[in-house]
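S.K.: Sequence and predicted model, in that order:
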Amino acid sequence: MNPELINRLAPFRAEALRRGTPLQDVEAWIATARPSGTLVTGGDGPVVGRFGGPLLLPADVPDPWTPLLATLDCAALPEETTGLALPADGRLLLFGFPEMTYYGDSAGDVVYIPEGTPVEERRPKYESVHDDTTVAIHEQFPQEELRLAPDVSMASHFLAWTGERGGETVTLPGHPHAWELAEAWDETYGDVVVDGPLHIGGYASHECTETDPVMDAAADAELSRRLRNEQSPGSADTAELPAAAEWVLLAQWDIDLDGREGSTLHWVVPRQDLAERRFDRAHASFFWNP
């Protein structure tokens, strides 16, 4: 990660040291910082997509059951900014709805459309199958251009921590100073990160700092797969999904809608699937503590 982003963590470093965290632990935690692209609806950054818009899909893609949140231009989201090896071109469509699911079911989908693929406009399926309350929530979904702001991301959960050390992914269940470090980040992130509703890459976060949202979502995806197999023996979903530590945050939506204040949607994907440009196993997890 470039020095400019690391330098932005100075308020975090100062607060962590003030709380009595040993310098070597503070610096080790900072070394795990990740780049992240924050998508904002104002400013002068490059336009990289939009919230909402028409639903344009290839003819062979089934109608998603959740509404379209955003369409992103992969070519405008470089790896050095997002920390993710996204496809070099084409569009990434994020579908989701802020509602609790059952038995690990996904709260959304991800569709990748390579550049040049013919598409057709669809009418969203959910409009004909959901009640008025659901439609009223969706009517609040933003409809604006999205601009990219390079950002820095730090782990905000303190009972389980996953990060990069020496080029390898390491999980530490209960870092000895994780509480102080997470609290220091909570105290200072407003002075460090860009304020925006949609984040691409980096660490996942939500109000509950006792768990890692990515690992929780990956566990839900595996639970959902097992239940589908039990209900439909002989289905194609026979192989276990990758271990939770092998998943990454694709996107996070910090939701500010009437009736869903303070909730969060996370889209996660196995790291290997991302490298192979497949998103059919991506999983969306909804968190809300009303």
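M.R.: Structure received. Numbering: from 1, shown residues only.

S.K.: Quick one: name whatever helix or strand follows the biggest helix by length in the chain.
M.R.: Secondary structure of the chain per DSSP state H: the longest helix is helix 213-231. Later in the chain than helix 213-231, the nearest helix or strand by DSSP states H and E is strand 247-254.

S.K.: same for the longest helix of the chain, what does it pack against?
M.R.: Contacts defined by 3 or more CB pairs under 8 Å, 6 or more residues apart in numbering; DSSP states H and E place helix 213-231 against strand 247-254, strand 264-270, strand 283-287. Heads up, the C-betas are built off the backbone N, CA and C, glycines and all.

S.K.: Dump those strands to TSV, plus mean neighbour count.
M.R.: As requested, the helices and strands packed on helix 213-231 are arranged in TSV below (neighbours: other CB atoms under 10 Å):
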stretch	mean neighbour count
strand 247-254	25
strand 264-270	25
strand 283-287	26
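
S.K.: could I get those as JSON lines with mean pLDDT and distance to A31?
M.R.: Output for the helices and strands packed on helix 213-231, formatted as JSON lines (pLDDT from 0 to 100; distance: least, CB to CB, whole Å):
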{"stretch": "strand 247-254", "mean pLDDT": "97", "distance to A31": "18"}
{"stretch": "strand 264-270", "mean pLDDT": "97", "distance to A31": "23"}
{"stretch": "strand 283-287", "mean pLDDT": "96", "distance to A31": "27"}
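
S.K.: Next, F95: phi, psi?
M.R.: phi -110, psi 140 (degrees, to the nearest 10).

S.K.: From the structure, what's the count of residues near it?
M.R.: Number of residues near F95 (other CB atoms under 10 Å) recorded here: 23.

S.K.: who does it bridge with?
M.R.: Per DSSP bridges, the residues bridged to F95 are L68, D109.

S.K.: Test my guess that it contacts D63.
M.R.: No - contact criterion CB atoms under 8 Å: F95 and D63 do not qualify, at 10.2 Å.

S.K.: Could you pull out the strands in the stretch 51-200 of the chain for me?
M.R.: For the stretch 51-200 of the chain, the strands defined by DSSP state E, counting those that start in this stretch occupy 55-57, 68-73, 91-96, 108-113, 120-122, 145-153, 161-165, 168-172, 198-200.

S.K.: okay, how far is it across stretch 30-48, tip to tip?
M.R.: Using CA to CA, to the nearest Å, one end of stretch 30-48 lies 28 Å from the other.

S.K.: whoops, stretch 37-55 was the one
M.R.: 24 Å.

S.K.: still on that earlier bit, ok and the longest helix of the chain relative to strand 247-254, angle-wise?
M.R.: Here the directions of helix 213-231 and strand 247-254 differ by 110 degrees (axes from the mean of the first three to the mean of the last three CA atoms, to 10 degrees).

S.K.: Show me which positions of helix 213-231 end up buried.
M.R.: Buried residues in helix 213-231, defined by neighbour count with 16 or more other CB atoms under 10 Å: P213, V214, M215, D216, A217, A218, A219, D220, A221, E222, S224, R225.

S.K.: next one: it to chain centre, how far?
M.R.: Computed by CA atoms, centre = their mean, to the nearest Å, the separation of helix 213-231 from the middle of its chain amounts to 17 Å.

S.K.: what does it rub up against?
M.R.: The contact list for helix 213-231 (CB atoms under 8 Å, 6 or more residues apart in numbering) reads 103-106, 157, 160, 162, 203-206, 235, 237-238, 240-249, 252, 264, 266, 268, 270, 281, 283-285, 287.

S.K.: likewise stretch 70-88?
M.R.: Under CB under 8 Å, 6+ apart, the answer for stretch 70-88 is 2, 34-37, 39, 46-53, 56, 89-94, 112, 114-115, 146, 148, 150, 153, 198, 200-202, 248, 250-251, 274-275, 277.

S.K.: hmm, try it at 6 Å
M.R.: 34-35, 37, 46, 48-51, 53, 89-94, 150, 200-201, 277 (CB atoms under 6 Å, 6 or more residues apart in numbering).
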